[in-house]
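Chemist: sequence and predicted structure, then a few things I'm wondering about:
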Amino acid sequence: MVKKKLPFRLTEFDDHVHGVTNASDAFASALWALDGLHWWAAHGASGVNFQNTEWLHTDTFYRDTNGSYQVYAKAYGIRAFDLGSHGSVKPVSIKNTKKLNLTAYAIGDTTNLYVTIINKEYGTGARAANVTILGNGLNSTATSVMFLTAPNNDVQATSGITLGGGTITNNAPWQGQWTALPPAQNGACTVTVPATSAVVVKIGQMAK
């Protein structure tokens, strides 16, 4: 079999046909969207279009009872991907001795390395992940993080979701903020990712 390496793009990317209440419209979909976008980017997709048949729970936005447009949780995953997807895909290997339900992706350019970590542990017994990022030849003068979280680490949350401490609304700019971490030393920086959450780590001054 000869691999042609032809460009491809996904359309109508969907978590479930017609959506599932308290899943497709909840925080689970934000983590799913973020994970799915990075997975397809790492596997060579040139783009992803989400399914948005009006007005299903699997949509990205919807109309509320007043007719105003609002966003489902999935929009937070898409925004988090945008924050951590500047540059080209970098190889990642994970040493996961505690067998956490966790994925990680890296994208970078000559200025910054973005590492997205998704902790998919949830429910009773869900565990936080203490993650050390090791970058070969990487030194940093500026390391910062932006967390994607839901109230009480609730995978079924449909409100109170934040990215960088900010919410996405229909009447004001998103106000999420990067939070500084100690600079990476000798190519290493550490971050704790709570259960049922994700984080985008931005490591500045990426070495060539």
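Modeler: Cool, got the structure. Here the structure is a predicted model, which is why all the values come from computation and not from measurement.
Chemist: CA only for contacts and neighbour counts going forward, please
Modeler: Fine.
Chemist: what about Ile107, how many residues nearby?
Modeler: Residues near Ile107, counting by other C-alpha atoms under 10 Å, number 22.
Chemist: and the helix or strand in which it is found, what's buried?
Modeler: Here Ile107 sits within strand 102-108, counting by DSSP states H and E. Buried residues in strand 102-108, counting neighbours by 16 or more other C-alpha atoms under 10 Å, are found at Leu102, Thr103, Ala104, Tyr105, Ala106, Ile107, Gly108.
Chemist: just read off the phi/psi values of the residue nearest in space to the middle of the chain.
Modeler: Central residue of the chain (C-alpha atoms, centre = their mean): Leu34, 3.8 Å from the mean position. Here is the backbone geometry of Leu34 (degrees, to the nearest 10): phi -60, psi -40.
Chemist: what sits against it?
Modeler: Residues in contact with Leu34, defined by C-alpha atoms under 8 Å, 6 or more residues apart in numbering, are Gly77, Ile78, Ala80, Phe81.
Chemist: buried ones among these?
Modeler: Looks like the contacts of Leu34 have Gly77, Ile78, Ala80, Phe81 buried, using 16+ other C-alpha under 10 Å.
Chemist: hang on, the earlier thing: possible to save the buried residues of strand 102-108 as CSV with pLDDT and distance to Asp64?
Modeler: Shown next, in CSV, are those (pLDDT from 0 to 100; distance: C-alpha to C-alpha, whole Å):
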residue, pLDDT, distance to Asp64
Leu102, 97, 34
Thr103, 98, 34
Ala104, 98, 34
Tyr105, 98, 35
Ala106, 96, 36
Ile107, 96, 36
Gly108, 91, 38
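Chemist: pLDDT averaged over stretch 14-34 - what is it?
Modeler: Across stretch 14-34, pLDDT averages out at 91.
Chemist: span of that stretch from start to end?
Modeler: Using C-alpha to C-alpha, to the nearest Å, one end of stretch 14-34 lies 13 Å from the other.
Chemist: tally of neighbours for the residue nearest to Thr167 when sequence neighbours are not counted?
Modeler: In space, and not counting its chain neighbours, Thr167 is closest to Trp174: 6.1 Å by C-alpha to C-alpha, 6 or more residues apart in numbering. Burial of Trp174 is recorded as 15 neighbouring residues (other C-alpha under 10 Å).
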